[in-house]
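**Student:** build me a model from this:
(chains A and B)
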Amino acid sequence: NAGVTQTPKFQVLKTGQSMTLQCAQDMNHEYMSWYRQDPGMGLRLIHYSVGAGITDQGEVPNGYNVSRSTTEDFPLRLLSAAPSQTSVYFCATSYSGGMDTQYFGPGTRLTVL
Amino acid sequence: AQTVTQSQPEMSVQEAETVTLSCTYDTSESDYYLFWYKQPPSRQMILVIRQEAYKQQNATENRFSVNFQKAAKSFSLKISDSQLGDAAMYFCAYIEGAQKLVFGQGTRLTINP
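**Tutor:** Numbers count the residues shown, from 1 in each chain, chains lettered A, B, ... in the order given. All right, here's what the predicted structure looks like:
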């Protein structure tokens, strides 16, 4: 039982490049979400999903895309990376929604040059 | 948009003493959930305690307890008998619409031996 896994742990991109941050869970959780953490600003919700085939925007969705084709996976895509997207990204899952205990992945530190 | 405010960027306490971290939030809803999450240097986010707004009794988890003042929209965390392992960033969070978790800016807690 791996819980919530994120890959990669670290990534450096050049402005304009695209990439996908991976998030996978083996807890059969319906709810999955992506956050970014910037110094002095706490965690901010990017996108979330309440189940396979369903996604919705959070507080800061611009520049990011998501899809949820399976219960287990919830990838986050940066279509054209910008320096403002330099941050630590966390994936979180819970049984059915935001009111449940969130289980966080270890995070991905992304630097955009 | 709902907001969560942690007015203490940093706090310190002597080992074995008690410390209280403050959190205020803004909402027009009557039923909601509040959380305290801990982020140690390992960066892993861990749920400390959860409070349901319709429950008047303050939540407790071992050495951790909250003072929930619904009318004042205040949700403070008290840590008793502080231990070195309690050193971390602590984030207050509010659930918006049952799906969107909103975090405060965080309080860095230092434990002095």
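**Student:** contacts only, for residue B:49.
**Tutor:** By CB atoms under 8 Å, 6 or more residues apart in numbering or on different chains, residue B:49 lies in contact with B:35, B:36, B:59, B:60, B:61, B:64, B:65, B:66, B:77. Glycine gets a C-beta too; all of them are placed from N, C-alpha and C.
**Student:** just the residues you listed now: which is nearest chain A?
**Tutor:** residue B:35 (8.1 Å; CB to the nearest CB).
**Student:** leaving aside the residues next to it on the chain, what's closest to the closest one?
**Tutor:** Among residues not flanking residue B:35 along the chain, residue B:93 sits closest, at 4.4 Å (CB to CB, 6 or more residues apart in numbering or on different chains).
**Student:** contacts for the one helix or strand that neighbour maps to, please.
**Tutor:** Assigned by DSSP states H and E, residue B:93 falls within strand B:88-96. Contacts to strand B:88-96, defined as CB under 8 Å, 6+ apart, come from residues A:42-43, A:98-99, B:2, B:4, B:6, B:21, B:23, B:25, B:27, B:32-41, B:45, B:48, B:75, B:77, B:101-104, B:106-109.
**Student:** same deal with stretch B:66-85?
**Tutor:** By CB under 8 Å, 6+ apart, stretch B:66-85 touches B:13-27, B:34, B:36, B:40, B:48-49, B:51, B:53, B:58-60, B:63-65, B:86, B:90, B:92, B:109, B:111, B:113.
**Student:** now do residue A:54 against residue B:62, distance only.
**Tutor:** Applying CB to CB, to the nearest Å, the value for residue A:54 to residue B:62 is 37 Å.
**Student:** now do residue A:43
**Tutor:** Taking CB to CB, one finds residue A:43 at 24 Å from residue B:62.
**Student:** who has more neighbours, those two?
**Tutor:** residue A:43 (29 against 10; other CB atoms under 10 Å in any protein chain shown).
**Student:** got a list of what that one touches?
**Tutor:** Neighbouring residues of residue A:43 by CB under 8 Å, 6+ apart: A:35, A:36, A:37, A:90, B:45, B:91, B:101, B:103.
**Student:** and the least confident of the residues you listed?
**Tutor:** Across the set of these, residue B:101 stands lowest in pLDDT, at 88.
**Student:** which residues does that one contact?
**Tutor:** With contact set as CB under 8 Å, 6+ apart, residue B:101 has these partners: A:33, A:43, A:45, A:98, A:102, B:35, B:93, B:94, B:95.
**Student:** so what sits opposite it in the bridge?
**Tutor:** residue B:95 (DSSP bridges).
**Student:** still on that earlier bit, please, a ChimeraX command that selects the buried ones among the contacts of strand B:88-96?
**Tutor:** A single ChimeraX command selects the buried members of those (16 or more other CB atoms under 10 Å in any protein chain shown):
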select /A:42,43,98,99 /B:2,4,6,21,23,25,27,32,33,34,35,36,37,38,39,45,48,75,77,101,102,103,104,106,107,109
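**Student:** what about the contacts of strand B:88-96, which are in strands?
**Tutor:** Counted as lying in strands by DSSP state E, out of the contacts of strand B:88-96, are A:43, B:4, B:21, B:25, B:33-39, B:48, B:75, B:77, B:101-103, B:107-109.
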